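In: would you be able to build a 3D model of this:
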Amino acid sequence: MAGSLIIDNTTRFLEKALNVSSKRQGLISSNIANMDTVGYQPKDIDFKQTLIQALESRTSGKLAHTHPKHFRRSDAVEISEVARSGSELSPETVDIDKEMARLSENNIQYRTSVELLLRKMNMLRNTIIDGGR
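Out: Numbering: from 1, shown residues only. Predicted coordinates:
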């Protein structure tokens, strides 16, 4: 919703944070599920860098393409997964302790984003209820 006062930058930020956390959750779970698979390369997402990239894309609304010399803008933010380097992990093993730590960290990030979004929605609800009096 371009120009919406209800869906502001905070809401968009939290939406993108939830999307990145969700994708990272799937990758970490996949790493754990494949920990006994020979030759499996563990994958992960750099949460901070991916979120910065998503925020810089400014997907707040569609821009009109009014002139052939204007650049086209893509609203899709690509969340790229990367194989971890061999210095961190052996190329053929998944360290369950490190994966569980990453899973816990990602869970905290996700739950924090959800809590902030719920508080934002609660503030809007209270504003609507009090505004009607």
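In: C-terminal to the helix or strand of the chain with the lowest mean pLDDT, what's the next element?
Out: Lowest on mean pLDDT, DSSP states H and E among the helices and strands of the chain sits strand 82-83, with a mean of 58. Counting by DSSP states H and E, the next helix or strand C-terminal to strand 82-83 is helix 96-131.
In: can you list the buried residues in that following helix?
Out: Judged by neighbour count using 16 or more other Cβ atoms under 10 Å, the buried positions of helix 96-131 are 99, 102-103, 106, 109-110, 113, 116-117, 120. All C-beta atoms are positioned from the backbone trio N, CA, C, and that covers glycine.
In: now pLDDT and distance to Glu56 too, for the residues you listed, in TSV please.
Out: TSV is the format used below for the buried residues of helix 96-131 (pLDDT from 0 to 100; distance: Cβ to Cβ, whole Å):
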residue	pLDDT	distance to Glu56
Glu99	94	29
Arg102	94	24
Leu103	95	27
Asn106	95	22
Gln109	94	19
Tyr110	96	22
Ser113	95	18
Leu116	95	20
Leu117	94	21
Lys120	93	22
